[in-house]
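Undergrad: curious how this folds, go ahead:
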Amino acid sequence: MEKKDPGVKQGDKLLKMHGKFDRGPVGFKSHIVEQEGEIMAIATRDVVSVPPTTTIMGAVEKMTGCGFRRLPVTDAGTKKLRGIFTSGDIINLLGGGDKYRLVQVKHRGNLIAAVNESVRAIMTQKPETLPDTAKIADATGIIVHKRIGGIPVVDEGDVLTGIVTERDVMGVLAAEKSRFAVGDIMTGSLRVTGPDCTIGEATRDMTKFRFRRLPVVSDDVLYGMITATDIMRYLGSREVFSRLSTGDIGEVMGLPVRTLITGDLFTITPDKSINVAAREMLEKNIGALPVIKDTRLVGLVTEFDLVRAFAQG
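TA: A predicted model of the protein is given here:
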C-alpha cells in the first residue's frame, strides 16, 4: 500500500529546514544517524487495509482502484496487523512461484476459483514492521539490507498506524546533493523481454529473478516497460475474465505483454545526477527509469538503487 494522498506530509517540512542536509558527502553510518527523526513524519498515516477474509480478487481491485502496490491486512475490529499483500504476490501466484500451488494444486489450474480464495492464503504473514517511534535511519536500513519496499508501522499493540515506503525515504534523502551519477549506480546487465513475449513468460521471469519490472526491447530499441503493477491491473480490471471460457489460467497468460504497455515512457541518461533521477521519479510517480545512451538501453535505475546510493552519501 502506498500513500493515499500525495499531499504535503510533515516530513516535507524537514526538507525546508535551512542547512539540515547541507553537509557534503559522508559515510553510510554517520549519514543515516543524521537523518534521525520520527518515522511518522514521513509515513502515510491514513492507511487503507483489508481484513484477512477479503478475497484475493477483492484485494487486487482495491489496490488497482487506489493505485497501490501494497496493501496491509488487518483484523477488521482491532486493526492489528496480520500481514501484507503486494503486487509481487500476484506475480508469484501467476508466474509459477510457490503461491502458484494455490492455482495448480488446490484448484487444478482454475484461476477464477483461486482468486476467490481469501487473501490470507497468499499474503506475507508476520511482515517486517517498524514501531511508530522508529527513526528514518531504521527504515533506510530495512530497505537497503532486506530489500523491502514498503514497511508497515505499528504501535505497541501491533495496531497499524502507518506505512513508509522506499519512495518516502528517497524523498527525504534526495534533499541532500549526492556525488553519484546515474551511471555509477544503475543496473547495467539487464534481463529484458520482447513485446510479443507472453504475460506468462514475463511473470515467470519476474518470479524466478525477483524483478518488479522488465524493459521491453524490440530490435535493440526500447519499446516500453512491463511492471508487476501492470499485470496486477490487468487482473484487477476483470478484463482477464472476459478472456476465460473454461477458467483455466493458460487462457489468459498467452496475451503478449505489448497489450499491457500504456502511458508515456520516461528515460534518463547515465551522466545525470541521481538527484535528478530521484526528482523525476517523484514528479512522474514512477519507480524506475530506463537509462539510455546513444539511443540504446544501457541500464535501469530504481527507487531502491537511489535509496541505497543516497544512504552511502
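
Undergrad: what about Gly58, how many residues nearby?
TA: Gly58 has 17 neighbours, counted by other CB atoms under 10 Å. Any C-beta I mention is one placed from the backbone N, CA and C, and that applies to glycine too.

Undergrad: relative to Leu93, how far out is it?
TA: Between Gly58 and Leu93 the computed distance is 15 Å (CB to CB, to the nearest Å).

Undergrad: what do you get for Pro270?
TA: Using CB to CB, which is the criterion applied here, Pro270 is 36 Å from Leu93.

Undergrad: Leu93 - how many residues pack around it?
TA: The local packing of Leu93 (other CB under 10 Å) involves 27 other residues.

Undergrad: need the three-state assignment for Met225.
TA: Classification of Met225 by DSSP: H, G, I helix; E, B strand; the rest coil places it in strand.

Undergrad: low-confidence ranges, the chain, go.
TA: Filtered on pLDDT under 70, the chain yields the residue ranges 1-37, 243-247.

Undergrad: do a quick rundown of the strands in it.
TA: Here the chain has its strands, by DSSP state E, at 70-74, 81-86, 124-125, 130-131, 150-154, 160-165, 213-218, 221-227, 288-293, 296-302.

Undergrad: among those strands, which comes closest to Thr259?
TA: Nearest to Thr259 among the strands of the chain is strand 221-227 (10.1 Å), distances taken as CB to CB.

Undergrad: ok, the closest one: who's next to it in the sheet?
TA: Strand 221-227 pairs in its sheet with strand 213-218 (antiparallel), by DSSP bridges.

Undergrad: show me how far the partner strand is from its chain's centre.
TA: On the basis of CA atoms, centre = their mean, to the nearest Å, strand 213-218 is displaced by 17 Å from the centre of the chain it belongs to.

Undergrad: pull the residues that contact that strand.
TA: Outside strand 213-218, the residues that touch it by CB atoms under 8 Å, 6 or more residues apart in numbering are 190-195, 197, 202, 205-206, 222-228, 257-258, 261, 287-288, 290, 297, 300, 302.

Undergrad: all helices of the stretch 51-200 of the chain, in order?
TA: With DSSP state H, counting those that start in this stretch as the criterion, the stretch 51-200 of the chain has helices at 56-66, 87-94, 101, 111-115, 136-146, 166-173, 182-185, 199-209.
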